[in-house]
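Enquirer: what follows is a predicted structure for the sequence shown.
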Amino acid sequence: MSSLPAAALFDLSHPARYVHWHFFQMSVANLIAILLMIAIFVAAILIPYPKRRREP
Amino acid sequence: MTDVEGGAASSREPKMWTTSVRERAVAAMPPEKLLPDRQPSYMSSWIYVFGVASIAALVVVIGSGVILGLKGPEWWHVTGIGRFFNSIHLWAVEIFFFVMVVHLWGKFFMGAWRGGRGRTWATGAITFLVAIGAAFTGYLSQQNFDSQWIASEGKDGLNAVGIGSFFNVVDFGQMYTFHVILLPVVVVALIVGHVLLVRRHGIVPPYAARINRPAATPGPTPPGSTGVPS
C-alpha cells in the first residue's frame, strides 16, 4: 500500500515467487530459509569453538 | 506429622508426602547435576549452542506475546510501536523455529537418544510438534485478512481428518485461547522437562571413532608352505 511507509526492505505486495522443477515446488522465501539453515548447520560443525582462556 | 518440638523424629512415623517428594527430587536431580561446574570437552562446539538459542528465542516470543496480548489487535495493527512489537513477535518465532530445526538436525546426527536418553529425544520432538500448533494458532489470531484466509483454507483440511469439531480454526476465541494459554503452557512445560532430562542424563557422547587399520601385509612364504593357514 502506497500510503504506508516502507516497512520492508523488499516489496512484498505481490504474490510469492516459486521455484518449480518437476514435482518439486517451493516458494523462494522458504527455499532461502532452508538453504540458510543448512549453511549454518555446516558452519556450526566446521567452525572451531573458541577456547576459554586459562587463568595463570 | 513429624514432631519438631520433641526433638528427633521417630523412624516409625510415616513420612510426609513433602518429604518423599523432596527426597525423590534430590535423588533424581542432585544440585551438582542440576547446575554443574564442568561439562565434557566434546561440548566445545557451536552445534551445542542451538538448544539454548531456541530457549532464548522463546523468551522473546513469550515476552513480546504478553505485550501484544495486553494491548490488543488495534494496537498491533495500527500504531507504529504496536507494529514493531508485532514484528518482534513474528521474527522471534521465525528464529525460534530456525534454531530449533538446526538443533534437531544436530541431535539427530549425534544419535542423541543413545544411552538412556530416549525421553530427552521424545520430549524435544513433541515440543517441536506442539510448537508448530502454537505457531499455526498464532497465524489464526492475527485479526486480519491473512488469518481469515488461513482459517478458511485450514478448516477444510482439519474437517477432512475429522477434528474440525474439536479444533475449529474459524472460531477466533478458541484459537486465541489455544495460542496465548494452552499451547504455550504445554511448550514451556515440555521444555522444562527436556532441560531437566538433559541435566539428569548429560549430553550424549560422540560416536566412537572408527579406526581403519591397514590390512596386514603377508610376509614371504616360508619354503614348503602353501601360504594358506591350516
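Expert: Good, I have the coordinates.
Enquirer: for chain A, which residue occupies the most central location?
Expert: With distances taken as Cα atoms, centre = their mean, the residue of chain A nearest its centroid is A:A33 (3.4 Å).
Enquirer: in terms of helices and strands, where is that residue?
Expert: helix A:28-46 (DSSP states H and E).
Enquirer: in that helix, what's buried?
Expert: Buried residues in helix A:28-46, counted by 16 or more other Cβ atoms under 10 Å in any protein chain shown: A:33, A:37, A:40-41, A:44. For the C-beta atoms, the positions are set from N, CA and C on the backbone; glycine is no exception.
Enquirer: what does the lowest-mean-pLDDT helix or strand in chain B contact?
Expert: In chain B, the helix or strand scored least confidently by mean pLDDT, DSSP states H and E is helix B:31-34, which has a mean of 89. In this structure, residues lying in contact with helix B:31-34 by Cβ atoms under 8 Å, 6 or more residues apart in numbering or on different chains are B:196, B:199-200.
Enquirer: quick revisit: what's the distance between the residue nearest to the centre of chain A and B:F98?
Expert: 7 Å (Cβ to Cβ, to the nearest Å).
Enquirer: and if you look at B:M110?
Expert: Counting by Cβ to Cβ - B:M110 and B:F98 are separated by 19 Å.
Enquirer: pick out whichever of the two has more residues nearby.
Expert: B:F98 (20 against 17; other Cβ atoms under 10 Å in any protein chain shown).
Enquirer: just checking, the more buried one touches A:M37?
Expert: Yes. Here B:F98 reaches A:M37: they are 6.2 Å apart, a contact under Cβ atoms under 8 Å.
Enquirer: got a pLDDT number for B:G173?
Expert: Here, the pLDDT recorded for B:G173 equals 94.
Enquirer: and it, what element?
Expert: helix B:172-177.
Enquirer: in that helix, what's buried?
Expert: Under the neighbour-count criterion of 16+ other Cβ under 10 Å, helix B:172-177 has B:172, B:174-176 buried.
Enquirer: pull the residues that contact that helix.
Expert: If you take Cβ under 8 Å, 6+ apart as the criterion, helix B:172-177 is touched by B:137, B:140-141, B:143, B:151, B:167-169.
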